[in-house]
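Novice: got a predicted structure here, sequence first:
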Amino acid sequence: MSRKHWQRYLVIVGLVLGGNWISRTSSEIAEANGVSGWIFNPATSHYYKLQPDCPGWLSCEATAVSEGGHLVTINDANEQDWLVTTFGSTDYFWIGYTDKDAEGSWVWISGEPTTYTNWASGEPSNSGGVENYALMNWSSPPGLWNDGHEAAVTSGGIIERVDAPFKVFLPLIVR
Ligand SMILES: [Ca+2]
Ligand SMILES: [Ca+2]
């Protein structure tokens, strides 16, 4: 093949590979990159993952940071509904809302401003003066929040990442 033919060949291969890459879902790409468990939410363009078996909110958040994110920040009702649809409405899950640093001043651990809350009736109650960490799915309708103590029994925490949990390699453009 001449140089020109090779160039055409490489362009076609690049287009085929690139098209194949783009057509795959983000979850599939994550699986292919060995970082399974992440689920892409098209509405926020963020990635979410359930971290099971964390003994308390602080350890769950530490794990979230080691995974490149934080416990989830719920910015609006749409994101709340998506979490319920994706992770279920029956188990308690830690979310990234806390007033551990100043009683009654609830903040997202990600640093994002509060734009939405979804407390169950009578919550946050700060029962016993020790409830500084929010969990979801406390009561119906699904998703409602309760403040629990640090080691409250949950089914884990939901981690949110702003950027992809894998590197994206763009296909080579051959000139
Ligand atoms: Ca969010
Ligand atoms: Ca409470």
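Specialist: That came through, no problem. Numbers count the residues shown, from 1 in each chain. Ligands and ions are numbered 1, 2, ... in the order given.
Novice: count the residues that sit near the residue lying closest to residue 106 once chain neighbours are set aside.
Specialist: Closest residue to residue 106 in three dimensions, ignoring its sequence neighbours and counting by Cβ to Cβ, 6 or more residues apart in numbering: residue 99, at 4.7 Å. From N, CA and C alone the C-beta is placed, and that goes for glycine too. Residue 99: 17 surrounding residues under other Cβ atoms under 10 Å.
Novice: can you tell me how far residue 99 is from ligand 1?
Specialist: Distance of residue 99 to ligand 1, computed by Cβ to the ion, to the nearest Å: 19 Å.
Novice: again, but for residue 144
Specialist: To ligand 1, residue 144 is 17 Å away according to Cβ to the ion.
Novice: just residue 56 next, same as before
Specialist: Counting by Cβ to the ion, the gap from residue 56 to ligand 1 is 22 Å.
Novice: next: residue 136.
Specialist: Relative to ligand 1, residue 136 is positioned 13 Å away (Cβ to the ion).
Novice: ok, residue 166 next?
Specialist: Taking Cβ to the ion, one finds residue 166 at 19 Å from ligand 1.
Novice: just list the residues touching the residue nearest to residue 67 when sequence neighbours are not counted, thanks.
Specialist: Leaving aside its sequence neighbours, residue 67 sits nearest to residue 159 (Cβ to Cβ, 6+ apart; 5.5 Å). Residue 159 is in contact with 48-51, 63-64, 67, 69-72, counting by Cβ atoms under 8 Å, 6 or more residues apart in numbering.
Novice: on that earlier part again, who's in contact with the residue nearest to residue 106?
Specialist: Contacts of residue 99 by Cβ under 8 Å, 6+ apart are 105-107, 124, 132, 147.
Novice: neighbours around the nearest residue to residue 142 once chain neighbours are set aside, how many?
Specialist: Excluding the flanking residues, the one nearest residue 142 by Cβ to Cβ, 6+ apart is residue 89, at 3.3 Å. Other residues within reach of residue 89, judged by other Cβ under 10 Å, total 14.
Novice: ok, back up a step: among the contacts of residue 99, which one lies nearest to ligand 2?
Specialist: Set against ligand 2, the nearest of these by Cβ to the ion is residue 147 (4.2 Å).
Novice: need the contact list for the nearest residue to residue 118 once chain neighbours are set aside.
Specialist: Spatial nearest neighbour of residue 118, excluding adjacent residues (Cβ to Cβ, 6+ apart): residue 145 at 5.2 Å. Residue 145 makes contact with 95, 97, 117-120, 123-124, 134-136, 138, according to Cβ under 8 Å, 6+ apart.
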